[in-house]
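Visitor: Give the three-dimensional model of this entry:
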Amino acid sequence: MKLRIPDTLFARFFGLLLVAIIISHVMTFALTAGLIGFPPPPPPPHWPPRGIGGPPPHFGRLWITLLVQFLALSVAAWFGARMLARPMQRLTRAAEKLGENLNTPPIEEQGPAEARLAARVFNQMQDRIRLQLQEKGRFLASVSHDLRTPLTRLKLRVERLPEIDDKAKLRDDISEMAAMLNATLDYLRGEALGESWQLLDLRALVYSMVEDMQENGGDVSVEGDAKPLPAQPTALRRCLSNLAENALRYGEKARISLHDEADLAVIEVRDHGPGIPEDQLGAVFEPFFRLESSRSKATGGIGLGLSIAREIARRHGGELSLRNAEGGGLIARLTLSRYH
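Guide: I've put the predicted structure just below:
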């Protein structure tokens, strides 16, 4: 009957230590017995001499033996710790990538039984999440069609009404409902999750966006430079557009600056508006949250722009933060990781 040793982390680590112990003891025995190294010299006829103390003649050999054992066990412990940590490190890297891109390749199922099982379960979880999001996308597409149909009918019926005082208000209400519907579906759908990553010229993206906004009459300017980095171009442009449009809506001007910091690219968008109360700087990132001063249809948004922008920033390994500028206005600071 063939003996089958389980290929587990415990078996590997225990076997490695067992081999190290056996080798260290064999070498200790060989050194002590004089089987390796120089043969021990014959002891003096009377050792130790009377009245004279001191170590035995093989005291140095004992220290060598202890050193050999220490080195063998240290090397075994180092290899064992590395072997145990490697599957966890692989899982950690895969989990980090999973939060950024669901279409990353699955983990290779290799190593001991526990590591293979963990990789297999992780890959199955990734597949289930991907399928659930695809199902969610199909559901939202269906809901989007079902909701837009009655809105379109309302719009057509309003146009057929005779000219009355409330007709313009009805048009505005329908347009606002359509805008809220589109923004909500875009936020829930997360279309950019399926966008491919590529090395992006960040400077060219920002400067081209600013030129487009200037052609549409926006008071927008940009300065500075930043090196290329891996990104999702469409998602990142949407993030920057949300920040610049907020600056124009509430501050009438948008001043954009770019620069590099260590492993980050930093983009700051400043406006010259009233700013945000300190106790609400975090609340404005919540979906559908709007400041009281922005609730009018003329100046207020849907309340999803900053939520979407922060989600895109985090997908790029960065963060979006807000702070009030000295002298008035608000500064939105966007950081993007270069090693994503």
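Visitor: Check what pLDDT Asp271 gets.
Guide: Looking at Asp271, its pLDDT is 92.
Visitor: Run a quick neighbour tally on it.
Guide: 25 (other C-beta atoms under 10 Å). In this view, the C-beta of every residue, glycine as well, is placed from N, C-alpha and C.
Visitor: give me phi/psi at it?
Guide: Dihedral pair for Asp271: phi -120, psi 180, per degrees, to the nearest 10.
Visitor: Leu248 versus that one, what's the distance?
Guide: 7 Å (C-beta to C-beta, to the nearest Å).
Visitor: what touches both of these two?
Guide: Taking C-beta atoms under 8 Å, 6 or more residues apart in numbering as the criterion, Asp271 and Leu248 both touch Ala254.
Visitor: mind listing the helices for the stretch 201-340 of the chain?
Guide: 202-215, 233-251, 305-315 (DSSP state H, counting those that start in this stretch).
Visitor: give me every residue that touches Asp201.
Guide: Counted by C-beta under 8 Å, 6+ apart, Asp201 has contacts Pro228.
Visitor: shaky segments in the stretch 51-200 of the chain?
Guide: 51-62, 66, 100-101, 137, 141, 186-194 (pLDDT under 70).
Visitor: can you give me the strands in it?
Guide: 198-200 (DSSP state E, counting those that start in this stretch).
Visitor: Please enumerate the helices of it.
Guide: Under DSSP H, counting those that start in this stretch, the stretch 51-200 of the chain gives helices at 59-100, 113-160, 167-189.
Visitor: Please convert the ones you listed to a markdown table, extending it with mean neighbour count and distance to Gly317.
Guide: Shown next, in a markdown table, are those (neighbours: other C-beta atoms under 10 Å; distance: least, C-beta to C-beta, whole Å):
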| stretch | mean neighbour count | distance to Gly317 |
| --- | --- | --- |
| helix 59-100 | 14 | 7 |
| helix 113-160 | 13 | 19 |
| helix 167-189 | 15 | 21 |
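Visitor: among these, which is nearest Ser241?
Guide: Proximity to Ser241, assessed across the helices of the stretch 51-200 of the chain by C-beta to C-beta, is greatest for helix 167-189 (12.6 Å).
Visitor: Go through the helices of the stretch 201-340 of the chain and name the closest to Met125.
Guide: Of all the helices of the stretch 201-340 of the chain, helix 305-315 comes closest under C-beta to C-beta, at 18.9 Å.
Visitor: Show me what that closest one is packed up against.
Guide: helix 167-189, helix 233-251, strand 319-324, strand 330-337 (3 or more C-beta pairs under 8 Å, 6 or more residues apart in numbering; DSSP states H and E).
Visitor: now with 7 Å?
Guide: helix 233-251, strand 319-324 (3 or more C-beta pairs under 7 Å, 6 or more residues apart in numbering; DSSP states H and E).
Visitor: Could you export it as CSV, CA atoms only?
Guide: In CSV, the C-alpha atoms belonging to helix 305-315 read as follows (Å, rounded to 0.1, in the frame of the first residue of the first chain):
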residue,chain,number,x,y,z
GLY,A,305,-21.4,64.3,-9.4
LEU,A,306,-19.1,64.1,-6.4
SER,A,307,-20.1,60.6,-5.6
ILE,A,308,-19.3,59.4,-9.1
ALA,A,309,-16.0,61.3,-9.1
ARG,A,310,-14.9,59.8,-5.8
GLU,A,311,-15.7,56.3,-6.9
ILE,A,312,-13.7,56.8,-10.1
ALA,A,313,-10.8,58.2,-8.1
ARG,A,314,-10.7,55.2,-5.7
ARG,A,315,-10.9,52.8,-8.7
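Visitor: Tell me who's in contact with Leu264.
Guide: By C-beta atoms under 7 Å, 6 or more residues apart in numbering, the residues touching Leu264 are 318, 335-338.
Visitor: Swap in 6 Å and give it another go.
Guide: Thr335 (C-beta atoms under 6 Å, 6 or more residues apart in numbering).
Visitor: neighbouring contacts of stretch 7-25?
Guide: When contacts are defined by C-beta under 6 Å, 6+ apart, stretch 7-25 is touched by residues 5, 69, 72-73, 76, 80, 112-114.
Visitor: scratch that, stretch 89-100 is what I was asking about
Guide: 104, 107, 315.
Visitor: again, only this time at 8 Å
Guide: 104, 107, 115, 118-119, 122, 126, 129, 315-317, 340.
Visitor: Tabulate the helices of the stretch 201-340 of the chain in TSV, adding columns for mean pLDDT, mean neighbour count and distance to Val143.
Guide: TSV is the format used below for these (pLDDT from 0 to 100; neighbours: other C-beta atoms under 10 Å; distance: least, C-beta to C-beta, whole Å):
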stretch	mean pLDDT	mean neighbour count	distance to Val143
helix 202-215	94	16	31
helix 233-251	90	21	22
helix 305-315	87	21	19
